[in-house]
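Peer 1: Turn this into a model:
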Amino acid sequence: MSADDNPWWANAVVYEVYPRSFADSDDDGIGDLGGVTRRLPYLAELGVHAIWLTPFYPSPLADGGYDVSDYRDVDPRLGTLDDFDSLVGAAKGHDIRVIVDLVPNHCSAEHPLFKKALAAAPGSPERDMFIFREGRGTRGGLPPNNWPSNFGGPAWTRVADGQWYLHLYDSGQPDWNWRNPQVRAMFEDVIRFWLDRGVAGLRIDVAHGIYKDPELADTPATDRSVRPSGYYHRPEIHELYRTWRAILDSYPSDVFPGERTAVGEVWYDSYATLQPYLAPDGLPQVFNFELVTAKWDAAGIRKAIDATLALAGGSRAPWVIGNHDVVRPVTRWGRAAARAAALLLFALPGSAYLYQGEELGLPEVLDIPAAARQDPTFRRTGGKVRGRDGCRVPLPWSSGGDSFGFSRTISGSSPAPPWLPQPADWGAYSVATERADPDSFLRLYLSALRLRPSGKVGGHRRCRRLWQAAKPAAEAANSASRQARRRAARGKAGAASGRRRSGNDMPAQAWPAVETRLRLQCRLPL
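Peer 2: Numbers count the residues shown, from 1 in each chain. Predicted coordinates:
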């Protein structure tokens, strides 16, 4: 296959948009589809090929929109279907495609079908759309098995008639019963609904879940591991994905938006677990989280990269360093490390996903008041786990003013406060401030993304030059780290031993050398 024969997504840069926190077009403090449309010129300037919209569907927001009550509509707080169609059309005018989030593992407790199930009797067809079971112990007072919720506590909630229903996440997110053919047929209709509206692909939430062990046997470990279990990585899932791939491939590839894709959110414990998801007739793409989880030293980074390239390559397994579920790179690794990591991300062959605000170097907001936090993890763990609100704080667009430009002021009125509070210094990270600063994160991203290919794989020498530069640069910095450790072991680095590390073996002060070398070899301005 020639470079020109590859689908658009094979080497695309995709920008993840969390709509509630991206841009607010009607000053209610909540980002919306109109805000995304209004900021499309910024995304075009950045140079992305597609945007992935996290859920914008009607939802009571038990889990930030991943509790869907209607899969074929737009939450009124975020707009209308007409607004969605306008966004897709306007994005096409910038040669930007739209990917939407599909949430097949669970829905909202407010979904009409779950309400019908609650009103129906045990054993009814309505309840068979979900996973209801009798409890164990005296009078069924214990959950049917020991499965844990990913958000803390058990994965079961009891209803008034004594039965229990399964929810791998919040109690407001009941799991669908994928062994019921009606569930399967319903989601095939949902997929076609959005593809018919012009979307270029789907991001599959919890793509390693969906099917459950029909016996609902206890799991040996209750540590919320992503290893194969009664609720993760069931073999039945791959036949489902072959069906979905056939649906995607039934749409024309010779007109915009081109060949449709679906990228699975698959968390895995080993490459052997990931391998079946990369079957030629399965999902076109599966996220590669190696750079999210790898230890940031040269050996760890190289191992992660080499293993991924040997298994699938970056086209089938796109690269990512952050998303709406993990602590932001700047906070995980330090600012200098995050800059070098961005260059590494764009150096790697294949597709790359970036999460809104990474291009601004936004840190995780750690001091959100407890009363303002909305992540169910915080609630279900009694505040022991902060949750993910810190990476979802609304973006700063201007250096000052109400909400730092997040909300569009209408008729001179003051907008409502953002749905999550912004830090007082948020303006220093704003698009306006960073656009004017030649040393900012934004200017670095703009320069690096201009070196990316236009959407074809293997046809751009500068991208290969970025890739070749990444390995020796990281190794050079790690060599400095080893030397520093040897000096510390000899007792000659007493004061230095207490310096801040960026969550890795590579000292924070070594990372500027990585970025400088990358810039020189990639012909980026210093």
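Peer 1: list the contacts for the residue nearest the centre of the chain?
Peer 2: Geometric centre of the chain, nearest residue: residue 323, 3.9 Å, by C-alpha atoms, centre = their mean. When contacts are counted by C-beta atoms under 8 Å, 6 or more residues apart in numbering, residue 323 touches 16, 292, 353, 355. Heads up, the C-betas are built off the backbone N, CA and C, glycines and all.
Peer 1: Would it be right to say that it lies in a helix?
Peer 2: No: counting by DSSP: H, G, I helix; E, B strand; the rest coil, residue 323 is not part of a helix but coil.
Peer 1: Find me the pLDDT at it, would you?
Peer 2: Listed pLDDT for residue 323 reads 96.
Peer 1: Please renumber the chain so that the first residue is 17 from this point on.
Peer 2: That works, and once the first residue is 17, the last one we named lands at residue 339.
Peer 1: Relative to residue 210, how far out is it?
Peer 2: Separation of residue 339 from residue 210 (C-beta to C-beta, to the nearest Å) stands at 21 Å.
Peer 1: How is this structure partitioned into domains?
Peer 2: Following the assignment in automatic domain parsing, the chain carries domains at 23-120+197-466, 128-182, 477-538.
Peer 1: quick one, strands of the stretch 317-466 of the chain?
Peer 2: Listed in chain order, the strands of the stretch 317-466 of the chain (DSSP state E, counting those that start in this stretch) span 335-336, 368-371.
Peer 1: Take those strands and lay them out in JSON lines including mean pLDDT.
Peer 2: Below are the strands of the stretch 317-466 of the chain laid out as JSON lines (pLDDT from 0 to 100):
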{"stretch": "strand 335-336", "mean pLDDT": "96"}
{"stretch": "strand 368-371", "mean pLDDT": "97"}
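Peer 1: Dump those to JSON lines, plus distance to residue 140 and mean neighbour count.
Peer 2: Converted to JSON lines, the strands of the stretch 317-466 of the chain look like this (distance: least, C-beta to C-beta, whole Å; neighbours: other C-beta atoms under 10 Å):
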{"stretch": "strand 335-336", "distance to residue 140": "42", "mean neighbour count": "24"}
{"stretch": "strand 368-371", "distance to residue 140": "42", "mean neighbour count": "25"}
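Peer 1: Among the ones you listed, which comes closest to residue 274?
Peer 2: With distances scored as C-beta to C-beta, the stretch of the strands of the stretch 317-466 of the chain nearest to residue 274 is strand 368-371 (17.7 Å).
Peer 1: Give me the distance from the closest one to the chain's centre.
Peer 2: Distance of strand 368-371 from the chain centroid (C-alpha atoms, centre = their mean, to the nearest Å) equals 8 Å.
Peer 1: which residues are in contact with it?
Peer 2: Taking C-beta under 8 Å, 6+ apart as the rule, strand 368-371 contacts 28-32, 34, 64, 68, 303, 330, 334-340, 358, 361-362, 407, 461.
Peer 1: can you tell me which of the residues you listed are in helices?
Peer 2: Members of those lying in helices (criterion: DSSP state H): 358, 361-362, 461.
Peer 1: which one of the residues you listed is nearest residue 291?
Peer 2: Nearest member of the ones in helices among the contacts of strand 368-371 to residue 291, counting by C-beta to C-beta, is residue 361, at 23.4 Å.
Peer 1: Can you name the residues that contact that closest one?
Peer 2: Residues near residue 361 by C-beta under 8 Å, 6+ apart: 307, 335-337, 368, 370.
Peer 1: If we use 7 Å, what do you get?
Peer 2: Neighbour list for residue 361: 307, 335, 337, 368 [criterion: C-beta atoms under 7 Å, 6 or more residues apart in numbering].
Peer 1: Please look at the first one and residue 320 and confirm they touch.
Peer 2: Yes: look at residue 307 against residue 320 with C-beta atoms under 7 Å: they come within range, at 6.3 Å.
Peer 1: re the thing from before, what's the closest of the domains of the chain to residue 189?
Peer 2: Among the domains of the chain, domain 23-120+197-466 sits nearest to residue 189 (C-beta to C-beta), with 4.8 Å.
Peer 1: how long is that closest one from one end to the other?
Peer 2: 20 Å (C-alpha to C-alpha, to the nearest Å).
Peer 1: If we go by neighbour counts, what in stretch 321-337 is buried?
Peer 2: Using 16 or more other C-beta atoms under 10 Å as the test for burial, stretch 321-337 gives 321, 324, 327-337.
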